[in-house]
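**Q** Sequence first, predicted model second:
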Amino acid sequence: MKRFFWFWVVTLIASGYMSVWAKEIVSIPDRAEVTLNDFTHFLNSGDVSIYGVIDQNNLELRGKIAKYLNGVYISYEIGSYEQVGSNVYRVNTRLGASGVGWNISGVSVYFDIGYTNDEYKIINTNLFEYVGADKVFEATEGFFKYLFRVLGIVVGSFILIGIIVAFIFIIRKKKRS
């Protein structure tokens, strides 16, 4: 009877720990998504409450948010979660963003969400490397530079082939005469 009693005590304790552990593992993506939803809502609406969902120690992120707070609208689709540090989780997303005179979609963006003081906060992101008219122009400028290089090579090749054919035609004509 004592063995049966101890078996049930150990089973109950283990199941209690397992349920708490499983609850924490399952809830991390949910809590991260809530934090990300709040960030998106506050950024899209221009609400200064956005500073409540980001790490107060990341002054660079705070500065970038101040720059884009009233000029950006973003939407995202979560791709995956991964743990990148102690109590830090990376949320990988596909992003769509727009502002006055620019629009992007399908960009891979990550948000690092940390858990400190019983709160989830965004501690880092590469979002601001892709948003803004200047960033979109840089991307399209690079594309057009590449396109013009390729077109230059193709046109140059046709000109070179034309010169070679004309030279061969002139040489053959001189041989005939």
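**A** Ah, there it is. The model shown is predicted, which means the values in this text are computed figures rather than measured ones.
**Q** Only C-alpha atoms from now on, for both contacts and neighbour counts.
**A** Noted.
**Q** where does the chain dip in pLDDT?
**A** Within the chain, the ranges that satisfy pLDDT under 70 run 1-28, 132-144, 177.
**Q** need the strands for it, in chain order.
**A** Applying DSSP state E to the chain gives strands spanning 73-85, 88-99, 102-116, 119-125.
**Q** Any chance of a markdown table for these, columns mean neighbour count?
**A** Formatted as a markdown table, these follow (neighbours: other C-alpha atoms under 10 Å):
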| stretch | mean neighbour count |
| --- | --- |
| strand 73-85 | 15 |
| strand 88-99 | 19 |
| strand 102-116 | 18 |
| strand 119-125 | 20 |
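**Q** center of the protein, which residue is that?
**A** Val109 (0.3 Å; C-alpha atoms, centre = their mean).
**Q** Out of the strands of the chain, which gets nearest to Ile170?
**A** Closest to Ile170 of those is strand 102-116 (C-alpha to C-alpha; 53.7 Å).
**Q** Off-centre distance for the closest one?
**A** 4 Å (C-alpha atoms, centre = their mean, to the nearest Å).
**Q** Parallel or antiparallel, which strands does it pair with?
**A** Paired with strand 102-116 in the same sheet, following DSSP bridges, are strand 88-99 (antiparallel), strand 119-125 (antiparallel).
**Q** before we move on, the earlier item: the strands of the chain: which one's closest to Asp55?
**A** Nearest to Asp55 among the strands of the chain is strand 119-125 (5.0 Å), distances taken as C-alpha to C-alpha.
**Q** Name the residues that touch the closest one?
**A** Contact with strand 119-125 is made by 31-32, 35-36, 52-55, 58, 61, 109-115, as judged by C-alpha atoms under 8 Å, 6 or more residues apart in numbering.
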